[in-house]
Structures are given as structure tokens and as C-alpha cells.
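1. quick one, structure for this:
(one chain, ligands or ions: 1)
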Amino acid sequence: MSNLPLTGSNFASTQALETSELLGNEGVFAEAIDGFQAREAQQEMAAAVADAVIQGGQLLAEAGTGTGKTWAYLVPALLHGEKVIVSTGTKALQDQLFLRDLPRVKKILNSDFDVALLKGRANYLCVHRLDTANDGYDITPVDHAYIHKLKTWSRSTVDGDIASAPKAPDSKNMTGWAHWSKVTSTNENCLGQQCPQWDGCFVSQARQRAMDANLVVVNHYLLLADFALKDEGFGELLPNADTVIVDEAHQLPEIAGKFFGVSTSARQIRNLVDDARREQSELGEQDPLLMRHLTALEKVTADFRLALGDQDVRGVWVQPPDSVKDARNELIGTLGRIKGYLKQIKERSPGIANAYERAGDLLRSLNRLRSTEETSPQLELEEGSEDVHWFETRGRGFALHSTPLDVSKPLAEKVFSLPAAWVFSSATLSVAGDFTHIKQQLGLPEASSLSLQSPFDYANNSLLYLPDGIPERPGDEATEALIERVLPVLEAAKGGAFLLFTSYRALNTAARMLREAHSDRILVQGEQAPRNLVDEFVERGNAWLLATQTFWEGVDVQGQALSVVVIDRLPFASPGDPVTSARIAAMNQTGNAFMDWQLPQAVINLKQGAGRLIRDVSDYGVLVLGDPRLRTKRYGQRFIDSLPPMPQTNDPEEACLFLAQRDQQESQ
Ligand code: SF4
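-> Residues are numbered from 1 along each chain as shown. Prediction:
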């Protein structure tokens, strides 16, 4: 395929055009669905995807909100693919696609495609670990009772998906139960074919269903785990696929960074200790020497955490002080001794053999990090290093990471080189129609691209308000100035508002100010689980939800409940983050990190946040961008040009009038 932006005249084969006509006014969808409205952009995307699937190739398809991109890729995938993988950004989107969109599209197309849903292994009950879950020292009588319920459920469930397990006991943990990790598996602790429960294993059954299906729905974490060859079993799926569709593709590069890197954490070490103890108990043996080794490992892990300081921090791993090195060396020494002992006794059971393997992996990873200290990260960067070494601490935990600065090479070499058609779809891939940034990030300079505008009437249904008089420097003064200017607009709206902040400090300042005026309308991120917050926001209909970037994506509120979206500042990645600062330093050695990476990345993030406002053809509202750099800096126009075409004002009264008029029209 060409790398030119695609237009209606240069992409579509006859078959592709016929596919797109199915979504037209005379097509099967119009026949099957009352009130179906054909959308030109949806048909154009369907034709381009069909072309990619039929011919093979790499297509970047940006489709504005309301295009109907899910159907635009499902229709050609079901008609022209043979073995298709669809990857979505989150588990919630996976469920939505599998349970809602796929059955509908399949029925209308009368397709006999066999479809399957595959989640990460942590979503399936591990019947082997369930057997020994009662042995944990921190298991309460309430947990015992719940484990008993799970055992009963495990005999009747078809797929072992814990989303359909009996309701978990009340717990401080937001996900309902603090011990899911005791009854699910990880790649590290799974015994694979050595497992005594292999025949009834839900994970292997889910994978087998995925292998047999024509179309499998996965998420990016699972897809990338396979790419990075970090999870066995799924690896056979990708090489057989003839079509891979990556939805929410703008998220892929960041998630890839996690999978192509290496991490060692306190959690991994503590899980190893727990599992080895459980295995002892399961075997009904007492091995005092093993117990002593495990206790020693727990102690040196805690000592290493203490040596890293009592704060929660993230930082580059540069020549740590002697006290940290000593504690780390103690940890390595103890792990080495335990590994040696486990080697002697590994024949006792597959569980002990697994613990021996894991001790070896942890040891290798820690030794690798130690070897990098010979050279500081800064020096390594000058020599063209491709990884940044960094650490983070939180509570009792720590993690040591080695993260690639540029994932485009491994993605292009290990992933996109597979002989399949690749379709990358999202509402936010380009910067004002320019795909250079995402192509660089994915390592796909030759991919075709297609940009389709949202069919929504932004010119009449939205207004961009850029308030005057806000200080350029971030801080309380800027937040206070923004809230003063935005409050009349919030009050003028009958419906609710999202106020999205780039820092917790700004969020807290704004929450304090708004609480003084309207405590009854305020909802603040962190005060409830995110899903509950959104539900309450929709239910109330006129609430003001204050949040950080967690709410910039994937939150879909239609109608008047969301009439105003406020974004405090342009969302540039924080240079205080160790990976960001290392990436900036590396990119500045050969180019301009700001123009080539920070700016386009911030544009794409802003488009995501702004995209929360208009979610339906009848939605209307005001977008408030509180960052004066939009007008004082030359690059500001790049952000404006990348947003849908909205009229602009810097007059709050005009914004209030717009809302009052539209609310009035709506109520007539
Ligand atoms: S094979 Fe792995 S996931 Fe399956 S039951 Fe055994 S340990 Fe659990």
C-alpha cells in the first residue's frame, strides 16, 4: 500500500467498496436496524480496512468520535479475514466489543465466524492455587468461607472468568477481595503442563478456544505480553493471524515500554516466599532449612526497601549510595543461597522446581542491574544506550526497572514484521492530520494513513472558551485564576462538568475553592472507585467531577450530564519522571525532543481529554482550555488545529449565553 494519506479515489478495490456499501443507506445494516444512519466516514474507513485485510499491509486509521469505527473494522474483518485478532485498550472495552458489538454485527452479516474472548491469566481462576489458598497466614475466617464458595463455583463455571465469580466479601480493597492473587496464576508461578490440574485448567482452555476461533478479542497487555515473549502459550496465536486490528492504538507505544523492559519488585520476591511456604504445607513436610532461608529472604527484602528511604519516590538508578548497594548485595547473596538450596530439593514437586526457576530469574535480573552501575545512565546515554534504569518505592514495596527509551525498533522487528494485515485505529493518532509522530513511535514509516473527521456538528454544538488573564507559570495562582473565570460558566450550565487537571496540586486547590461555593455539586477523584464516581456523576446530572488524567480517556458520558469540560494546562509529559527525562536527554542528542516527541504527544493527550465533551449527535457543550500558552506560544496553534473545528471565544459571558441558549432549545 502507498504511504500517502488515503482518499476515496486511491484506496478501494471493488471488494472493498462492496464491503463499505453494506454500511450504506441501501445496505444490510440499514435493513436490519430501525433508524440506522449511514455515515460517509464509517464507510470510507470500512473500505480502507477491507483493502488492508485483502491485500495485507499496515493502515493507520484515525476516526473522530461518532464515526462508528468499531463496526467499520469488524465488518471487513468478518468478511475478509480468516484468523483475526482484535486488540482493545482495556478489559472493559474487550467485554463491550465481545458482548455487544460482535454478536450484533455477526448476526446482521449472517456470519458463522467462530469468535473467542481471551483475557490475561489473572482473570481466570487457577484451580491448582485454589487448592492451597487456605494455607496463607493472612487468611481470615471470612476469606476461608469465600474460598469455599469459589471451590463450589469452580465446579460449575464454564470458563473460570473471575468476573462472574460469586460476590467477594467486603474489603477495603476496591476490587472487592484482597486475595485474588492467591487463587489466580502469574506466568511465574504457573506450573504449565507439569501442573496436577492441567486437564481442568481454565487458562489453558481459554487459550485453546482462542487458538480454534476465527476471531479473538484480546487487550493490548495480552497482545504485548505475547510480543515480548513473556507469556508462554499465546505465542502460537499471533504467527497464525492474517489480520490484527489494534483499537485505541495511540496507547500501544506506552504499554509496549512496559513489556519490552525488565522489572524486579518486592512483590515478586514476597510472592515467591509465600508460594514456597504454601508448597511446603501442601507437601505436608517440614523443612526447617528452607523455612530459615525464606525468613531470611523476607528480612533482606524489607531491609533493601528501608535502605531506599522512607518516602514514595521514582528516580533514575544512578550510582546508589553504599548503604543501598550493601542492602542490595545482601538481597542478591540471600537469593543466591536460596536458589542453591532449591536446586538440591527441586525434585520434590513441580512447585519447588518452579520456585527454583523464579529465584534464578530474580537473581539474574538483580545482577544485570548491578552490572549497569559500572557506568552511570548518563554516560550510557552518550554511548547510545537504549534503556533507562530506574526505581520506584511505594509503601512496603519497591520495583527496579530497565525500560527501553524507544520501542519502535522491537515493535517493528518482533511484531509488525509478522506476515499479517495490521490496522491501527483510534480517535487520536495524528497531529492536525500529520501521522509522523505515531509512525515513528510504532516504527512504521511506510504505513498508509487515513484521517476521518467526526460527523458531529462541532460548529453549532460546541464552543471553545480560552479565558484571559491566567498566569503562564503553573501553581496555585494559575489554578485560582482559572476557577474564578470558569465558575460563572459552570453555574450557567444546567448540566454537569468534568474539570481535568494535569497535577494533583491543581486538583486539590480547585476542589477547595469549588467546595466553598458549591459543595453539593462536587465529586473528586479518589473519594470513590472511578466506576462509582462516573455512575454518580451521570445519575446526578449536574455534578462537577474533578479528576486527573485517569479520566481523560475511556469515560463516555452522553447528554446534558456533561455540558462543560475544563482542562487546566497543556498535558506535556512531566520531565520529573525518570523515563521521560532520560528520553528527552537521549532525543536531544540527535534532534529536538520537544518538537519531535513532547509536543505531538501532548497534542494527542489533549485531543483525548477534549474528546470527552461531545459523545453523541445531539450533545452540546463548552470546552475550556486554561493554558495561556495556547495563544502566547507559536506551538499553541498546533493544539487548536488538532481539535475539531469549534468556534472560539475569550469572553465568559459568551460561553454562558451559548449554554443558556442551547439549554433553552433543549427544553422546548
Ligand atoms: S496450569 Fe497454571 S493456571 Fe492452570 S491450574 Fe495449573 S498452575 Fe493454575
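
2. all strands of the stretch 101-250 of the chain, in order?
-> Using DSSP state E, counting those that start in this stretch, the strands of the stretch 101-250 of the chain run over residues 115-117, 215-219, 243-246.

3. ok, for Val489, nearest residue in space, not its chain neighbours?
-> Ala655 (4.7 Å; Cβ to Cβ, 6 or more residues apart in numbering). For the C-beta atoms, the positions are set from N, CA and C on the backbone; glycine is no exception.

4. turn the strands of the stretch 101-250 of the chain into a markdown table, including distance to Trp198 and mean neighbour count.
-> Shown next, in a markdown table, are those (distance: least, Cβ to Cβ, whole Å; neighbours: other Cβ atoms under 10 Å):
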| stretch | distance to Trp198 | mean neighbour count |
| --- | --- | --- |
| strand 115-117 | 20 | 20 |
| strand 215-219 | 22 | 26 |
| strand 243-246 | 29 | 26 |
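
5. okay, those in a markdown table with distance to the ligand and mean pLDDT next?
-> Supplementary listing: the strands of the stretch 101-250 of the chain in a markdown table, determined by distance: least, Cβ to the nearest ligand atom, whole Å; pLDDT from 0 to 100:
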| stretch | distance to the ligand | mean pLDDT |
| --- | --- | --- |
| strand 115-117 | 17 | 95 |
| strand 215-219 | 18 | 94 |
| strand 243-246 | 26 | 96 |
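
6. lowest-pLDDT helix or strand in the chain?
-> Sorting the helices and strands of the chain by mean pLDDT, DSSP states H and E puts helix 377-382 at the bottom, at a mean of 42.

7. downstream of it, the next helix or strand is which one?
-> Sequence order places strand 387-394 as the next helix or strand after helix 377-382, per DSSP states H and E.

8. right, and the helix or strand after that following strand?
-> strand 397-404.

9. between that next one and strand 387-394, how big is the angle?
-> With axes from the mean of the first three to the mean of the last three Cα atoms, to 10 degrees as the basis, strand 397-404 and strand 387-394 are set at 160 degrees to each other.

10. which residue, other than its chain neighbours, is closest to His437?
-> Distances taken as Cβ to Cβ, 6+ apart place Pro600 nearest to His437, at 3.6 Å, with adjacent residues excluded.

11. before we move on, which element is the one you found in?
-> helix 599-610.

12. if we can go back for a sec, TSV for the strands of the stretch 101-250 of the chain, including distance to Leu102?
-> Formatted as TSV, the strands of the stretch 101-250 of the chain follow (distance: least, Cβ to Cβ, whole Å):
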stretch	distance to Leu102
strand 115-117	6
strand 215-219	7
strand 243-246	12
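
13. so for Gly340, which of the ones you listed sits nearest?
-> Closest of the strands of the stretch 101-250 of the chain to Gly340 is strand 215-219, at 39.2 Å (criterion: Cβ to Cβ).

14. so what strands line up beside that closest one?
-> strand 84-88 (parallel), strand 115-117 (parallel) (DSSP bridges).

15. Tyr465 contacts Val622, correct?
-> Yes - using Cβ atoms under 8 Å, Tyr465 is in contact with Val622, at 5.4 Å.

16. what touches both of the two?
-> Overlap of the contact sets of Tyr465 and Val622 (by Cβ atoms under 8 Å, 6 or more residues apart in numbering) consists of Val489, Ala655.

17. compare these two (neighbour count), which wins?
-> Applying other Cβ atoms under 10 Å to Tyr465 and Val622 shows that Val622 carries more neighbours, namely 28 against 25.

18. surely that one is in a strand?
-> Yes - Val622: assigned to a strand according to DSSP: H, G, I helix; E, B strand; the rest coil.

19. report the contact partners of it.
-> Val622 neighbours (Cβ under 8 Å, 6+ apart): 462-465, 489, 493, 563-565, 613, 655, 658-659.

20. tell me which two in those residues are the farthest apart.
-> Top of the distance list for the contacts of Val622 (Cβ to Cβ): Leu464 and Ala493, 15.2 Å.

21. gap between the residue nearest to Val489 and Ala206?
-> Ala655 is 50 Å from Ala206, where distance means Cβ to Cβ, to the nearest Å.

22. those two - which one has more neighbours?
-> Ala655 (26 against 22).

23. so what's that one up against?
-> Leu463, Tyr465, Val489, Ala492, Val622, Val624, Thr649.

24. do you know the pLDDT at it?
-> Note for Ala655: predicted pLDDT of 96.

25. go on, the one 5 residues further on?
-> Confidence per residue is given as pLDDT, and for Ala660 that number is 91.

26. so where does it fall, helix or strand?
-> Here Ala660 is assigned to helix 652-667, by DSSP H and E.

27. next, the buried residues of that helix.
-> Pro652, Glu654, Ala655, Cys656, Phe658, Leu659, Arg662, Asp663 (16 or more other Cβ atoms under 10 Å).

28. relative to the whole chain's centre, how far out is it?
-> 36 Å (Cα atoms, centre = their mean, to the nearest Å).

29. state the helix or strand in which the residue nearest to Gln441 when sequence neighbours are not counted lies.
-> Spatial nearest neighbour of Gln441, chain neighbours left out: Pro253 (4.1 Å); criterion: Cβ to Cβ, 6+ apart. Applying DSSP H and E as the criterion places Pro253 in helix 252-259.

30. got the angle for the helix holding Pro600 vs helix 252-259?
-> 110 degrees.

31. now the buried residues of helix 652-667 as JSON lines including distance to Thr393?
-> Listed next are the buried residues of helix 652-667 as JSON lines, based on distance: Cβ to Cβ, whole Å:
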{"residue": "Pro652", "distance to Thr393": "44"}
{"residue": "Glu654", "distance to Thr393": "49"}
{"residue": "Ala655", "distance to Thr393": "44"}
{"residue": "Cys656", "distance to Thr393": "47"}
{"residue": "Phe658", "distance to Thr393": "48"}
{"residue": "Leu659", "distance to Thr393": "46"}
{"residue": "Arg662", "distance to Thr393": "49"}
{"residue": "Asp663", "distance to Thr393": "49"}
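
32. and of the contacts of Ala655, the nearest to the ligand?
-> Val624 (49.0 Å; Cβ to the nearest ligand atom).

33. picking that back up, next SSE after the helix holding Pro253?
-> Counting by DSSP H and E, what follows helix 252-259 is strand 262-265.

34. got the buried residues for that next one?
-> Buried, per 16+ other Cβ under 10 Å, within strand 262-265: Val262, Ser263, Thr264, Ser265.

35. tell me the contacts of the third one?
-> What that stands for is Thr264. Residues in contact with Thr264 (Cβ under 8 Å, 6+ apart) are Leu362, Ser365, Leu366, Leu369, Ala399, Leu400.

36. try it again at 10 Å.
-> Neighbouring residues of Thr264 by Cβ atoms under 10 Å, 6 or more residues apart in numbering: 331, 361-366, 368-369, 391, 398-402.

37. could you pull up the mean pLDDT of stretch 608-627?
-> 91.

38. which parts of it are buried?
-> Buried, per 16+ other Cβ under 10 Å, within stretch 608-627: 608-615, 619-627.

39. what about the closest residue to Leu466 other than its chain neighbours, distance to Ala492?
-> Once flanking residues are discounted, Leu466 sits nearest to Asn650: 5.1 Å by Cβ to Cβ, 6+ apart. Asn650 is 16 Å from Ala492, where distance means Cβ to Cβ.

40. alright, I will stop here.
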